[in-house]
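In: Sharing a sequence plus its predicted fold:
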Amino acid sequence: MGEPGTKETLSLEELEAAASLRTGRKHVLSILVENKSGVLTRIAGLFARRGFNIDTLTVGPTEDEQVSRVTLTVDGALHPIDQVTKQLHKLVNVLKIRDLEPADTVARELALFKVSADGVQRGELMQIAEIFRGKVVDVSKRAVIIEVTGTTDKIAAFESMVRPFGLIEMMRTGEIAISRGRGET
Amino acid sequence: MRAVDAVMECLKAEGVDVVFGLPGGANLPTYDAFVGGGVRHILVRHEAGGGHAAQGYAKATGKVGVAFATSGPGATNLVTPICDAMMDSVPVVFLTGQVRTELIGTDGFQEADTIGITMPIVKHSFMITSPPEIPRAIHEAFHLARSGRPGPVLVDIPQDLSRAEIEYEPVTDVRLPGYQPRVEGNQKQIRQAAKALASAQRPVIYAGGGVINANASQELTEFVLSDRFPITCTLMGLGAFAAPHPQWLGMLGMHGTRAANYAMDEADLICAVGARFDDRITGKLSEFAPRAKFIHIDVDPAEISKNVPAHIPIVGDAKHVLAKLLIEYRAIGADPARLDAWWSRIEGWRSKYPLAYEDSTDAEIKPQYMIQALYEATGGEAIVASDVGQHQMWAAQYYHFPQPRRWINSGGLGTMGFGLPAAMGAAVGCPDRVVCCVAGDGSVQMNAQELSTCSENNIPIKVFIMNNGYLGMVRQWQELFWDGKYSHVDMGRFPDFVKLAEAHGATGMRFEDKHTLVEDMKRAIATDGPVVVDVRVTREENTYPMIPAGQPAREMVG
């Protein structure tokens, strides 16, 4: 492939072919970081600099107040995961990284849906919410707000069910994940 | 004591013998502490000069370099040296002043988000938010800069916090739970590597700057000489293995020797030590060393399999790993005769394609000859710093480095203006050695102001400007790849470098005759104080051989 110093023009196919090792699946990275200012910027900056995309990102406290947990999902079809984790490890404030195995992991996401609903539709919506074990958390004359937790797939399925009613807004937290069994994540 | 006085104590505890810097509003308290603080400070003329001087000092001595600057423009002027130190893994601690805490975020006078600006180009950085943190941050900065894969670390101290009174207690430990560089290589992997090397028919050892950073030249040499391994070094690794030597193939890469590049191309096993398969080494990645398996030894796990998948990865410090590898390799007792065919192939390339150029028939100085003359005039014993461009490549090709830490240049970032201040830093760190700078007439103008620093402090660097009146490397590329259309590469014959030298209080000379060049150079080196020599060379000469960018090694030209 050419480089800035040379004259040739590049095709988009050539640019895409330059991508390296890919696993082809979604990866959930669970990252323990020191609770210090700028840590999130360092992580986000590293992704931007190396050309990696973050699909979802959540940050929150852990049982240890000195330590926070960042859970982020990355598409292994687009990015070399081993490079992502190795580069993350180089950040001094990063304590531990786990690339969670989907089979050994419980992953959950919280979503809030604001859906148009007049009197007739409301009942039907509530039925769907019940099937998905969702909760109606707010009702007004022309809309309801439904809270759903679950895996990313479940939330996507719920979204496709309520979209025909008129989806006004949707908010998702991004996944958090914890490993199964007694061992620490 | 005041936090800034504690800073001086920390510097002394870290064994710092010189700081390169320039004061300003936000680091006035720090500069007050220099008075009677017991730490030598050299006042530079531009913060970039100070940063590069700290790099030159670090590269020449192996110790951590230190550079200070004020907030805002002082700190932004350090951006290039910081990035350069990151790319070439140079241990430097940068201390910047910041505006008072109450002004942070208000776009105050000389406020810049130094931590934010430098975040992608530091190994780590510390934003001080309370005065008692300062001593620990400084010690941790030194620890981070020098250990593992070395690199730049920045400490940003708001002006008001630096004036605060703190209880100072010497810090004797570091608390960095997320930072534990692996030093020892995995024994099983090392044994596997030894086996692979013992059975390889066409091995090449490919060593980089990591060997120099790890002070592992002796271990590398012993290992290479334990069999008839052919060895090549990257631009950053020159000096890691003493040149010239029968097993030395010369530098590899874009302007490396054909013997080195062809050997990589045909190798069945490449053992990379402290090198990172940069694009200037591999050329077209998909056609790089197509028959080879790779052993990759590096202290930074992220380098392994980044560009080229490693068959035998070994994470560890080159010094430790090579020492163990030597023991394992000797235990196998490989038969050196298996390499006969390989060596006759390499010897074939060597005799057919030696580094060569067509010399002038008159007094004209060919740029390659200028480097050969410098090698002769210095007996090969000088520390040579260089700028970036054609002169850098010729210096790398024609000056043979017998020791590590003698060749100081900007490899990864390719920073024009690096050479002169880096030579200054090297000369401060190694006052007993002759320190030369091979500069380009374009590059040298980017930090020539530091000549005043050299004159004021009697830092006797000898600057040899390879003056062809062009931005030579760009001109070469325009000639070869852009149909010979020259766009903004002709620098004319300005400035008058002899007068420039004199204006800065240095001695200026001009050499134009190749017949007297060696003697003239000896005279320049014997002259006291800083000397600038304007060496007029052939205007349009190309650096060969060359792997055209993005081509495989076997497509070398020239």
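Out: That came through fine. Residues are numbered from 1 along each chain as shown, chains lettered A, B, ... in the order given.
In: Remind me what the top strand by length along chain A packs against, helices and strands.
Out: When chain A is parsed with DSSP state E, its longest strand is strand A:105-116. Here strand A:105-116 touches strand A:143-150, helix A:152-166, strand A:167-172, strand A:176-179, going by 3 or more C-beta pairs under 8 Å, 6 or more residues apart in numbering or on different chains; DSSP states H and E. From N, CA and C alone the C-beta is placed, and that goes for glycine too.
In: could you dump those to CSV with distance to B:His143 and mean neighbour count?
Out: Shown next, in CSV, are the helices and strands packed on strand A:105-116 (distance: least, C-beta to C-beta, whole Å; neighbours: other C-beta atoms under 10 Å in any protein chain shown):
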stretch, distance to B:His143, mean neighbour count
strand A:143-150, 44, 19
helix A:152-166, 41, 16
strand A:167-172, 41, 13
strand A:176-179, 33, 18
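In: Among those, which comes closest to chain B?
Out: strand A:176-179 (20.2 Å; C-beta to the nearest C-beta).
In: May I have the strands that pair with that closest one, each with its orientation?
Out: If you go by DSSP bridges, strand A:176-179 pairs up with strand A:105-116 (antiparallel).
In: chain center to the strand it pairs with, what's the gap?
Out: Distance of strand A:105-116 from its chain centroid, counting by C-alpha atoms, centre = their mean, to the nearest Å, is 11 Å.
In: With only the CA atoms kept, save the next helix or strand after that strand in PDB.
Out: Moving toward the C-terminus from strand A:105-116, the next helix or strand (DSSP states H and E) is helix A:119-131. Extracted as PDB, the C-alpha positions of helix A:119-131 are listed here (Å, rounded to 0.1, in the frame of the first residue of the first chain):
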ATOM      1  CA  GLY A 119     -55.700   4.800  25.800                       C
ATOM      2  CA  VAL A 120     -56.100   1.900  23.300                       C
ATOM      3  CA  GLN A 121     -52.400   1.200  22.800                       C
ATOM      4  CA  ARG A 122     -51.400   1.500  26.400                       C
ATOM      5  CA  GLY A 123     -52.800  -1.900  27.300                       C
ATOM      6  CA  GLU A 124     -51.100  -3.600  24.500                       C
ATOM      7  CA  LEU A 125     -47.800  -1.900  25.400                       C
ATOM      8  CA  MET A 126     -48.100  -3.000  29.000                       C
ATOM      9  CA  GLN A 127     -48.600  -6.600  27.900                       C
ATOM     10  CA  ILE A 128     -45.400  -6.500  25.800                       C
ATOM     11  CA  ALA A 129     -43.600  -4.900  28.700                       C
ATOM     12  CA  GLU A 130     -44.700  -7.700  31.000                       C
ATOM     13  CA  ILE A 131     -43.500 -10.400  28.600                       C
END
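In: How about the residue of the stretch 201-350 of chain B found nearest chain A, nearest residue that isn't a chain neighbour?
Out: Relative to chain A, the nearest point of the stretch 201-350 of chain B is B:Ala302 (3.8 Å; C-beta to the nearest C-beta). Nearest non-adjacent residue to B:Ala302, counting by C-beta to C-beta, 6 or more residues apart in numbering or on different chains: A:Lys86, 3.8 Å away.
In: residues near that neighbour, how many?
Out: For A:Lys86, the neighbour count with other C-beta atoms under 10 Å in any protein chain shown is 18.
In: so it sits right up against B:Pro301, yeah?
Out: Yes. With contact defined as C-beta atoms under 8 Å, A:Lys86 counts as touching B:Pro301 (5.3 Å).
In: quick one: common contacting residues for those two?
Out: With C-beta atoms under 8 Å, 6 or more residues apart in numbering or on different chains applied, the contact sets of A:Lys86 and B:Pro301 do not overlap.
In: can you list the helices and strands packed on strand A:105-116 in JSON lines and add mean pLDDT?
Out: Supplementary listing: the helices and strands packed on strand A:105-116 in JSON lines, determined by pLDDT from 0 to 100:
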{"stretch": "strand A:143-150", "mean pLDDT": "96"}
{"stretch": "helix A:152-166", "mean pLDDT": "94"}
{"stretch": "strand A:167-172", "mean pLDDT": "96"}
{"stretch": "strand A:176-179", "mean pLDDT": "92"}
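In: Same list (those) but as a markdown table, adding distance to B:Gly469.
Out: Output for the helices and strands packed on strand A:105-116, formatted as a markdown table (distance: least, C-beta to C-beta, whole Å):
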| stretch | distance to B:Gly469 |
| --- | --- |
| strand A:143-150 | 71 |
| helix A:152-166 | 63 |
| strand A:167-172 | 62 |
| strand A:176-179 | 63 |
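In: how about those, which one is nearest A:Asp82?
Out: With C-beta to C-beta as the criterion, A:Asp82 lies closest to strand A:176-179 of the helices and strands packed on strand A:105-116, at 19.3 Å.
In: any idea which helix or strand carries whichever residue of chain A sits closest to chain B?
Out: Residue of chain A nearest chain B, by C-beta to the nearest C-beta: A:Lys86 (3.8 Å). Per DSSP H and E: A:Lys86 is located in helix A:81-89.
In: Which strands and helices lie in contact with that helix?
Out: Under the contact rule (3+ C-beta pairs under 8 Å, 6+ apart), helix A:81-89 is packed against strand A:26-34, helix A:39-50, strand A:94-100.
In: looking at these, which is buried most?
Out: Among the helices and strands packed on helix A:81-89, the stretch with the highest mean neighbour count (mean count of other C-beta atoms under 10 Å in any protein chain shown) is strand A:26-34, at a mean of 20.
In: Scan the helices and strands of chain A for the one with the lowest mean pLDDT.
Out: Across the helices and strands of chain A, mean confidence by mean pLDDT, DSSP states H and E is lowest for helix A:12-17: a mean of 50.
In: Where in chain B is the helix or strand with the lowest mean pLDDT?
Out: Min over SSEs of chain B, mean pLDDT, DSSP H and E: helix B:279-282 (a mean of 92).
In: Alright, I will stop here.
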